[in-house]
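Asker: Provided below for reference: sequence and predicted model.
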Amino acid sequence: MLSQRVTKDSILRELEKLSPDGLQEVAQFIEFVQFQAQQPLKKPKASRKHSAFGLWAKYPEAQDPAVFAQTLRQKIEKRQDV
């Protein structure tokens, strides 16, 4: 069905082919989609507001987590006392 253009008519034709259990499943999915549409979009928290960020706040290089993690890995690899 998704290989063709989806219209209300094409959906109705497909609904007519379903068993009662299939119709129940579609009804539940519609409820789910309607519920999701009513929920406000969650805005991502700023990293500084995240509770885990406080520990690293004094490290300015922690602004870019990927670079910071790479730097820490390189420092650990160079250590001789491990």
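Answerer: That came through, no problem. Residues are numbered from 1 along each chain as shown.
Asker: confidence score at Phe29?
Answerer: Phe29 is assigned 93 on the pLDDT scale.
Asker: do Gly54 as well
Answerer: At Gly54, the model reports a pLDDT of 65.
Asker: remind me, longest helix of the chain?
Answerer: helix 20-38 (DSSP state H).
Asker: dump that one to PDB, restricted to CA.
Answerer: Taking C-alpha atoms only, helix 20-38 is exported to PDB below (Å, rounded to 0.1, in the frame of the first residue of the first chain):
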ATOM      1  CA  PRO A  20     -12.400  -7.200  13.300                       C
ATOM      2  CA  ASP A  21      -9.100  -7.700  15.200                       C
ATOM      3  CA  GLY A  22      -7.200  -5.700  12.500                       C
ATOM      4  CA  LEU A  23      -9.800  -2.900  12.700                       C
ATOM      5  CA  GLN A  24      -9.400  -2.800  16.500                       C
ATOM      6  CA  GLU A  25      -5.600  -2.500  16.000                       C
ATOM      7  CA  VAL A  26      -6.100   0.400  13.500                       C
ATOM      8  CA  ALA A  27      -8.500   2.100  15.900                       C
ATOM      9  CA  GLN A  28      -5.900   1.900  18.700                       C
ATOM     10  CA  PHE A  29      -3.200   3.200  16.400                       C
ATOM     11  CA  ILE A  30      -5.400   6.200  15.500                       C
ATOM     12  CA  GLU A  31      -6.000   6.900  19.200                       C
ATOM     13  CA  PHE A  32      -2.200   6.800  19.700                       C
ATOM     14  CA  VAL A  33      -1.500   9.200  16.800                       C
ATOM     15  CA  GLN A  34      -4.200  11.600  18.000                       C
ATOM     16  CA  PHE A  35      -2.800  11.500  21.600                       C
ATOM     17  CA  GLN A  36       0.700  12.200  20.300                       C
ATOM     18  CA  ALA A  37      -0.500  15.100  18.300                       C
ATOM     19  CA  GLN A  38      -2.000  16.700  21.400                       C
END
